[in-house]
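> What follows is a predicted structure for the sequence shown.
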Amino acid sequence: ERSRYCLRWPGCYYRPHLISSRSDFYGPFHVPFGASRHEKVRFLVPSAPLFERVPGTLNTMKVLVLGPGGREHAIIRALLRDPEVTEVHSAPGNAGIAQDVPVHAIDANDPAQATALARELNADLVVIGPEAPLVAGVSDALREAGFDVFGPSAAAAQLEGSKAFAKKVMEEASVPTARAHEARTLPEAEAALDEFGSPYVVKDDGLAAGKGVVVTEDRAVAVEHARACFEAGGSVVIEEYLDGPEVSLFVISDGKNVLPLSPAQDFKRIFDNDEGPNTGGMGAYTPLPWLPEGFVQEVVEKVARPTVARMAERGTPFVGVLFCGLAVTNRGVRVIEFNARFGDPETQAVLARLRTPLGQLLRAAARGEISESTELDWDPRTAVDVVMAAENYPDTPRKGDAISGLDKANALEGVHVIHAGTVVSGEEIHTAGGRVLAVVALGENLGAARDAAYEGVRAISWAGAQYRTDIALKAVENRIHIPAPRD
């Protein structure tokens, strides 16, 4: 019933792990399995290790991942592929994460609770997923307690926590971005809206889970969003609109050095054709075949490296992942925003392709040991993920509906399901949030990956489930165009 054999050679490692696909990639080897049950043995081969081993020893690590969502589930799946990661824990996790690793019911935004759990587990590395615990100072408390932490300090996380702060750092570092004004009163906001004109861009200055931005051609809608932010005690940033396709690029930083991952594109609006309100993201794909050659290196040189250097000069080194939200405009690359953590749902697609051991990479960043000469190893296939959301998301999502079809979707070739807003209820898994699942697929090309992802989506159902039907469609049909440079 189970595969219980191992090919042995010097330097071979393996770990039993539940997987649903019939084959997987580990290191440089493709190891097919023919067992009828889902439990199979993973062969993990340390070929050309990313970081130096001590001769005659095996480096191991126990990792604690903080956060409850799909981003954290994707991180955990990638960590479990690392031969040096012997144990992964999650807090608080979700129903899908609990099927893979032990979960702990704590408030991950509470520095004291997070530190206590790390001590209890004797964690070698703590990875902080969402933005809220970063801004709350969880990484600071953990570092003070002596733990290796992947995630910036509260001061450095202000790159995401305050749009105005991020704009100031970009100005100091000469990073190309949209012109903007910070407004604290309605008259200031209205003056800025009139200066920049339509389409209007209004951003809540604080954290808003990716939903604090309004882009509209209706001035009244823009004014109303600004008014709501002021009434809540906040301020807004009014920006000029940036034309051109958007790109998400994650850049790993150890406070000095930077290492970019594979660029991705996500889809913010709730409905097809980029209509409806903004969400946290309804799907993503990577790589981007339409990007010009040298794009990633240009972003590293003009955006990521200057920003990380400026943060270090300020005395607040950025250790973690700098999420660069970019627009490819007729004036070149421009920064739309920075985030201080892995983006969701881009992470689900990006990490599905990463073959380089993630635990070793994140620990090196936490210790200030990143080498910019490192060449990351990527699965040559394309990854697409499609988010399935609850009824009435992004307003007041309906919760508590039983989900069916998860096993069927996970059994599809090249497909796996990432959990975000799920909870166990009796013997069933129920919806428990706005974005519930992300169906991820790998394919030989973008069209094949997209078809496989939607086959997985169609296998899953619950009352009121909604999803976009056009994720990556423009790219498949070659309908993404970069604006011609302005003279």
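Nice, I can see it.
> Name the nearest residue to residue 391, ignoring sequence neighbours.
Closest residue to residue 391 apart from its sequence neighbours, by Cβ to Cβ, 6 or more residues apart in numbering: residue 464 at 2.7 Å. Yep, even glycine has a C-beta here, placed from its N, CA and C like the rest.
> same deal with residue 269?
The shortest distance from residue 269 to any non-neighbouring residue, by Cβ to Cβ, 6+ apart, is to residue 276 (5.1 Å).
> Tell me how many other residues surround the one you found.
Here the number of neighbours of residue 276 (other Cβ atoms under 10 Å) works out to 14.
> likewise residue 396?
Residue 396: 10 neighbours (other Cβ under 10 Å).
> all numbers from here: first residue = 38
Happy to do that; since the first residue is 38 now, the last one works out to residue 433.
> And it, how far from residue 469?
According to Cβ to Cβ, to the nearest Å, residue 433 and residue 469 sit 14 Å apart.
> same check, this time on residue 453
20 Å.
> Neighbour count for the two, which is higher?
residue 453 (24 against 21).
> where's the more buried one, which helix or strand?
Applying DSSP states H and E as the criterion places residue 453 in strand 452-456.
> Just the buried positions in the top strand by length along the chain, please.
Ranked by residue count and defined by DSSP state E, the top strand of the chain is strand 356-366. Buried residues in strand 356-366, counted by 16 or more other Cβ atoms under 10 Å: 356, 357, 358, 359, 360, 361, 362, 363, 364, 365, 366.
> Among the residues you listed, find me the one that's closest to residue 412.
Of all the buried residues of strand 356-366, residue 412 sits closest to residue 358, with 18.4 Å by Cβ to Cβ.
> That closest one against residue 287, yeah?
Yes: here residue 358 lies in contact with residue 287, judged by Cβ atoms under 8 Å, at a distance of 5.1 Å.
> any residues in contact with both of the two?
Listed as contacting both residue 358 and residue 287 by Cβ atoms under 8 Å, 6 or more residues apart in numbering are residue 379.
> Poorly predicted segments of the stretch 388-524 of the chain, please.
524 (pLDDT under 70).
> Please repeat the previous calculation with a cut-off of 80.
522-524 (pLDDT under 80).
> Which parts of it are helices?
Here the stretch 388-524 of the chain has its helices, by DSSP state H, counting those that start in this stretch, at 395-403, 443-447, 483-496, 510-513.
> Just name the most buried of these.
Per-stretch averages of neighbours, counted by mean count of other Cβ atoms under 10 Å, single out helix 395-403 among the helices of the stretch 388-524 of the chain, with a mean of 24.
> give the contact list for residue 276.
215, 216, 217, 233, 238, 240.
> how about it, phi and psi?
phi -120, psi 160 (degrees, to the nearest 10).
> For residue 226, see how far away residue 205 is.
Residue 205 is 19 Å from residue 226, by Cβ to Cβ.
> Let me fix that, I meant to ask about residue 158.
From residue 158 to residue 226 the distance is 47 Å (Cβ to Cβ).
> Only C-alpha atoms, please: export the strand holding residue 453 in PDB.
Provided in PDB are the C-alpha atoms of strand 452-456 (Å, rounded to 0.1, in the frame of the first residue of the first chain):
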ATOM      1  CA  VAL A 452      -2.500  20.700  -9.300                       C
ATOM      2  CA  HIS A 453      -2.600  21.400  -5.600                       C
ATOM      3  CA  VAL A 454      -4.900  23.400  -3.400                       C
ATOM      4  CA  ILE A 455      -3.700  26.100  -1.000                       C
ATOM      5  CA  HIS A 456      -6.000  26.900   1.900                       C
END
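> Strand partners (parallel or antiparallel) of it?
strand 472-480 (antiparallel) (DSSP bridges).
> tell me the angle of the strand it pairs with relative to helix 483-496?
Relative orientation of strand 472-480 versus helix 483-496 (axes from the mean of the first three to the mean of the last three Cα atoms, to 10 degrees): 140 degrees.
> then strand 472-480 to CSV, C-alphas only?
The C-alpha trace of strand 472-480 is given here as CSV (Å, rounded to 0.1, in the frame of the first residue of the first chain):
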residue,chain,number,x,y,z
ARG,A,472,-10.6,34.4,0.1
VAL,A,473,-11.0,30.7,0.9
LEU,A,474,-8.7,28.7,-1.4
ALA,A,475,-6.2,29.1,-4.2
VAL,A,476,-6.0,26.4,-6.8
VAL,A,477,-2.4,26.2,-8.1
ALA,A,478,-1.3,24.4,-11.3
LEU,A,479,2.0,23.9,-13.1
GLY,A,480,2.0,23.4,-16.8
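> Cheers, nothing more for now.
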